[in-house]
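Peer 1: what's the 3D shape of this:
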Amino acid sequence: MKNLFVKLLSISMAFGTITLTSCDSDDPEPITGGTTEVMENLDAGILNGTLTEDYTLSSTTTYSLTGQFIIDDGATLNIPAGTKILADNGGTDVYIATLMGGTININGSAGNPVIMSSADGNPGDWGGGLTLCGKATTTAGVDATAEVGGFIYGGTDDSDSSGIIRYLQISGTGAQINSESQYNGVSFYAVGSGTLVDNIAVINGDDDGVEFFGGTVEVSNLYLENNSDDSIDWTEGWNGSITNAYISNTVEGFSTVFEGDKDNGNPQFNNITAVSTVGGTALQFKKTSGGTIDGLSLVGYDVDLDMKDGGATSNVIFSDGYTPVAMVEDDASTTDVDESVYTFALNTSAVATVDLSDFDWVDTDISFESSLLQGAVTGDVTLDASIAYVLNSSYIVQDGGKLTIPAGTKITARDGGTGVYIAVLQGGQIDIQGTATNPVVISSASASPGDWGRFNNLW
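Peer 2: Sure thing, here's the model as predicted:
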């Protein structure tokens with residue numbers, strides 16, 4: 001990830017001040033002239049304490065987040081396009097939170113997003129990211145207590161609004177609250193559908209990217225990169241939606257792409273593309289949780305669907321018609337067919353439903369090496385015999401696509417089991433041009449039986 005704040009700090013140390021210019025001419029004028037210590041701190045570029053009045057930040061100031069910054073009931077914080085907020089301290093006491101009845105308006109733009117990060121943007125650099133507490137319904141009840149800060153959330157107003165979040169990038173969050181709870185990039189506690197959330201990026205989080213605790217909020221255009229626990233997590237009967245999400249996992253040890261838990265509020269997911277270069281689990285549903293998923297593309301995951309606690313697969317509805325095509329027993333000593341000990345592979349499309357280029361406003365260095373084979377072939381693709389390729393996942397030649405593999409090409413398949421294979425769909429073509437003296441070789445590193453492609457694909 002491009003180290004934006006290191007550059008900013010260097011400028012600050014050299015010149016004493018930082019001046020950034022917003023491209024948006026319609027940004028609100030900053031409200032200045034502090035009447036409380038918190039307001040005076042804001043005038044000085046410091047976020048700390050509880051805001052009880054309305055305040056508008058300046059896009060020409062890089063603000064220091066030095067502790068808890070809380071937007072109280074009845075107060076509004078406006079954050080214009082181009083605003084930068086730098087978390088100076090780590091740990092559980094550094095976060096921004098909007099309480100029930102408070103409002104945060106983050107008005108970033110594609111050309112000038114709002115940035116919240118630590119200096120380096122590394123996982124766990126700072127605490128709780130951004131937390132919103134609303135008045136929508138949750139199975140935790142009215143006036144429940146949040147993991148973060150012990151804040152109160154939950155009510156009966158599903159159309160409640162906590163404000164606006166547009167074009168926000170958060171990097172480097174995560175901290176341990178207790179043995180069962182951690183801070184996320186963005187936490188939505190009973191947030192209502194009146195809240196506008198469009199274009200959020202959460203990068204290098206030490207826990208979940210986003211988590212929903214009940215509520216009805218709907219999110220569009222979500223970018224999640226290398227969040228070490230779950231990219232998208234929800235519980236307490238959240239029944240909102242996510243439309244257009246791109247999820248990338250390139251660091252080993254993450255938990256899942258999705259984790260649903262407890263009661264099933266049947267949240268909706270429309271156009272979800274998730275890509276892993278390190279295997280792992282894609283979708284996990286605990287207890288009775290579920291949802292409806294349309295436009296799903298999974299590439300590179302060892303496990304597509306995990307019904308963690310034996311919940312019915314019928315709780316998870318795939319509008320595309322995707323169904324489990326194989327069960328992989330988690331515990332070889334178990335003889336009875338119990339969904340709690342089985343995971344599933346899905347015949348999902350390898351064709352991305354959301355493109356990485358849709359998030360060109362995100363400041364990231366993520367890229368996939370040209371030697372990595374995974375995903376879909378939709379046009380004419382010719383490999384280069386001088387390149388040592390790695391078959392990392394499914395590599396599927398679509399209808400109308402053609403894959404040409406010249407003589408002498410060597411492809412090493414990752415020891416990833418059922419999810420690693422090359423397939424050619426009806427209408428697709430493959431041209432393997434090996435010769436007796438220069439064959440094409442496709443093998444795992446050890447060439448042991450069962451290393452890759454352990455079941456026949458149903459196309």
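Peer 1: going forward, measure contacts and count neighbours with C-alpha atoms only.
Peer 2: Noted.
Peer 1: residues touching I104, list them.
Peer 2: I71, T76, L77, N78, I79, T98, S162, G163, I164, I165 (Cα atoms under 8 Å, 6 or more residues apart in numbering).
Peer 1: Reformat those as JSON lines; add pLDDT and neighbour count.
Peer 2: As requested, the contacts of I104 are exported to JSON lines (pLDDT from 0 to 100; neighbours: other Cα atoms under 10 Å):
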{"residue": "I71", "pLDDT": "98", "neighbour count": "26"}
{"residue": "T76", "pLDDT": "98", "neighbour count": "22"}
{"residue": "L77", "pLDDT": "98", "neighbour count": "22"}
{"residue": "N78", "pLDDT": "98", "neighbour count": "22"}
{"residue": "I79", "pLDDT": "98", "neighbour count": "25"}
{"residue": "T98", "pLDDT": "98", "neighbour count": "26"}
{"residue": "S162", "pLDDT": "98", "neighbour count": "27"}
{"residue": "G163", "pLDDT": "98", "neighbour count": "22"}
{"residue": "I164", "pLDDT": "98", "neighbour count": "18"}
{"residue": "I165", "pLDDT": "98", "neighbour count": "20"}
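Peer 1: Show me where the stretch 201-350 of the chain has its strands.
Peer 2: 210-213, 218-225, 230-235, 241-249, 256-260, 268-276, 281-285, 291-299, 303-307, 316-318, 324-329, 342-346 (DSSP state E, counting those that start in this stretch).
Peer 1: Who are the packing partners of the third one?
Peer 2: For strand 230-235, the elements it packs on are strand 210-213, strand 256-260, judged by 3 or more Cα pairs under 8 Å, 6 or more residues apart in numbering; DSSP states H and E.
Peer 1: Neighbouring strands of the longest one in the sheet, and parallel or not?
Peer 2: Taking DSSP bridges as the criterion, strand 256-260 sits next to strand 230-235 (parallel), strand 281-285 (parallel) in its sheet.
Peer 1: Going by mean pLDDT, which of the strands of the stretch 201-350 of the chain comes out lowest?
Peer 2: For these, mean pLDDT drops lowest on strand 324-329, to a mean of 58.
Peer 1: element containing S187?
Peer 2: strand 186-189 (DSSP states H and E).
Peer 1: Just name the most buried of the strands paired with strand 256-260.
Peer 2: When those are scored by mean count of other Cα atoms under 10 Å, the highest mean neighbour count falls to strand 230-235 (a mean of 26).
Peer 1: Just the C-alpha atoms of it, please, in PDB.
Peer 2: Output of strand 230-235 as PDB, limited to C-alpha atoms (Å, rounded to 0.1, in the frame of the first residue of the first chain):
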ATOM      1  CA  ASP A 230     -13.500 -11.700   8.300                       C
ATOM      2  CA  SER A 231     -13.900  -9.300   5.400                       C
ATOM      3  CA  ILE A 232     -17.700  -9.000   6.000                       C
ATOM      4  CA  ASP A 233     -19.100 -10.100   9.300                       C
ATOM      5  CA  TRP A 234     -22.700  -9.800  10.600                       C
ATOM      6  CA  THR A 235     -24.800 -11.000  13.500                       C
END
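Peer 1: Include distance to S394 and mean neighbour count when you put the helices and strands packed on strand 230-235 into CSV, please.
Peer 2: Shown next, in CSV, are the helices and strands packed on strand 230-235 (distance: least, Cα to Cα, whole Å; neighbours: other Cα atoms under 10 Å):
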stretch, distance to S394, mean neighbour count
strand 210-213, 27, 26
strand 256-260, 17, 26
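Peer 1: which stretch among these comes nearest G311?
Peer 2: Among the helices and strands packed on strand 230-235, strand 256-260 comes nearest to G311, with 11.1 Å by Cα to Cα.
Peer 1: ok, and what's touching that closest one?
Peer 2: With contact meaning Cα under 8 Å, 6+ apart, strand 256-260 is reached by 229-235, 247, 274, 280-286, 289-290.
Peer 1: ditto for stretch 444-453
Peer 2: Here stretch 444-453 makes contact (Cα under 8 Å, 6+ apart) with T412, A413, R414, D415, G416, G417, T418, G419, V420, Y421.
Peer 1: Mind checking which of those residues are in strands?
Peer 2: In this view, the contacts of stretch 444-453 that belong to strands under DSSP state E are T412, A413, Y421.
Peer 1: What ranges in the chain fall below the confidence cut-off?
Peer 2: 1-35, 175-181, 323-343, 345, 347, 454-459 (pLDDT under 70).
Peer 1: domains in it, as residue ranges please.
Peer 2: Split into domains by automatic domain parsing, the chain comes to 4-346, 369-444.
Peer 1: returning to that earlier point: ok, and what's touching the strand holding S187?
Peer 2: Under Cα under 8 Å, 6+ apart, the answer for strand 186-189 is 128-134, 146, 153-154, 202, 209-215.
Peer 1: Compute the first-to-last residue distance for stretch 398-417.
Peer 2: Distance between the two ends of stretch 398-417: 22 Å, counting by Cα to Cα, to the nearest Å.
Peer 1: Just the CA coordinates for the strand holding S187, please, in PDB.
Peer 2: Output of strand 186-189 as PDB, limited to C-alpha atoms (Å, rounded to 0.1, in the frame of the first residue of the first chain):
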ATOM      1  CA  VAL A 186     -16.100   0.000  10.400                       C
ATOM      2  CA  SER A 187     -18.700  -1.300  12.900                       C
ATOM      3  CA  PHE A 188     -22.400  -0.800  12.200                       C
ATOM      4  CA  TYR A 189     -24.500  -1.200  15.400                       C
END
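Peer 1: Run the chain-centre distance for it.
Peer 2: 13 Å (Cα atoms, centre = their mean, to the nearest Å).
Peer 1: List the strands paired with that strand, with their directions.
Peer 2: For strand 186-189, using DSSP bridges, the partner strands are strand 129-133 (parallel), strand 210-213 (parallel).
Peer 1: Put the alpha carbons of the longest one into CSV.
Peer 2: Output in CSV follows, covering the C-alpha atoms of strand 129-133 (Å, rounded to 0.1, in the frame of the first residue of the first chain):
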residue,chain,number,x,y,z
GLY,A,129,-11.7,2.5,13.3
LEU,A,130,-15.2,4.0,12.8
THR,A,131,-18.2,2.9,14.8
LEU,A,132,-21.8,4.0,14.2
CYS,A,133,-24.6,3.4,16.7
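Peer 1: After it, which helix or strand is next? Please name it.
Peer 2: That would be, after strand 129-133 and using DSSP H and E, strand 144-145.
Peer 1: Just the contacts of I104: which are in strands?
Peer 2: I71, T76, L77, N78, I79, T98, G163, I164, I165.
Peer 1: Can you verify E40 is assigned to a strand?
Peer 2: No: counting by DSSP: H, G, I helix; E, B strand; the rest coil, E40 falls outside a strand, being helix.
Peer 1: so what's I71 up against?
Peer 2: I71 neighbours (Cα under 8 Å, 6+ apart): T50, L51, T52, L77, I96, A97, T98, L99, G102, T103, I104.
Peer 1: what number of residues lie near the third one?
Peer 2: For T52, the count of nearby residues is 18 (other Cα atoms under 10 Å).
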